[in-house]
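Asks: Just a sequence and a predicted model for now, questions to come.
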Amino acid sequence: MATRTATQRRQEAKIAYDAYLAECPSRRLLDSLSSKWVTLVITALAEGDLRYSGLAQRLVGVSQKMLTQTLRTLERDGMITRRVTAEVPVRVDYALTPLGRSLAVLMSQFKVWAEANMDEVDRAQRSYDRRG
């Protein structure tokens, strides 16, 4: 292995998290975070801790498989915590971590923007489709 200079190491570190580069690990994170279910889970949990069933009710249309996958991914990424309480039946609660709360600020703005601008987007789509 060749010895690298401090300048080369700094340049490599800078490149390491450039999402425009295909090999950048932050691309995987952006891919994960761009899921509609991630946005909705994060914004729902920003309103307060929820049980799995509460999330399933709040996120109308999410399949059990997709909700479970989304929760596992968010837990693995450090965005949420999963707390199991030994009851009958077992109680599982989900909450945002500090990292997840910092993301929730952005996701909530994104959700609000989408809701506020949907009519304009719908008009643009209809206009585009008419041009055919």
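Replies: Great, that's in hand.

Asks: Which strands or helices does the longest helix along the chain pack on?
Replies: Counting residues, the longest helix found in the chain (DSSP state H) is helix 98-131. Using 3 or more Cβ pairs under 8 Å, 6 or more residues apart in numbering; DSSP states H and E, the elements in contact with helix 98-131 are helix 36-46. All C-beta atoms are positioned from the backbone trio N, CA, C, and that covers glycine.

Asks: what packs against the helix it packs on?
Replies: By 3+ Cβ pairs under 8 Å, 6+ apart, helix 36-46 packs against helix 52-58, helix 64-76, strand 91-96, helix 98-131.

Asks: Now the first one: buried residues?
Replies: So the one you mean is helix 52-58. Residues of helix 52-58 classed as buried: 52, 55 (neighbour count, 16 or more other Cβ atoms under 10 Å).

Asks: From the contact counts, what lies against that helix?
Replies: Right, helix 52-58 is packed against helix 36-46, helix 64-76, strand 91-96 by 3+ Cβ pairs under 8 Å, 6+ apart.

Asks: quick revisit: including distance to residue 84 and mean pLDDT, could the helices and strands packed on helix 36-46 go into TSV?
Replies: As requested, the helices and strands packed on helix 36-46 are arranged in TSV below (distance: least, Cβ to Cβ, whole Å; pLDDT from 0 to 100):
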stretch	distance to residue 84	mean pLDDT
helix 52-58	11	95
helix 64-76	12	97
strand 91-96	5	95
helix 98-131	18	96
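
Asks: These: which one's closest to residue 8?
Replies: Ranking the helices and strands packed on helix 36-46 by proximity to residue 8 (Cβ to Cβ) places helix 98-131 first, at 30.7 Å.

Asks: quick one, what contacts the nearest residue to residue 33 once chain neighbours are set aside?
Replies: Closest residue to residue 33 apart from its sequence neighbours, by Cβ to Cβ, 6 or more residues apart in numbering: residue 103 at 7.3 Å. Taking Cβ atoms under 8 Å, 6 or more residues apart in numbering as the criterion, residue 103 is in contact with 33, 42, 79.
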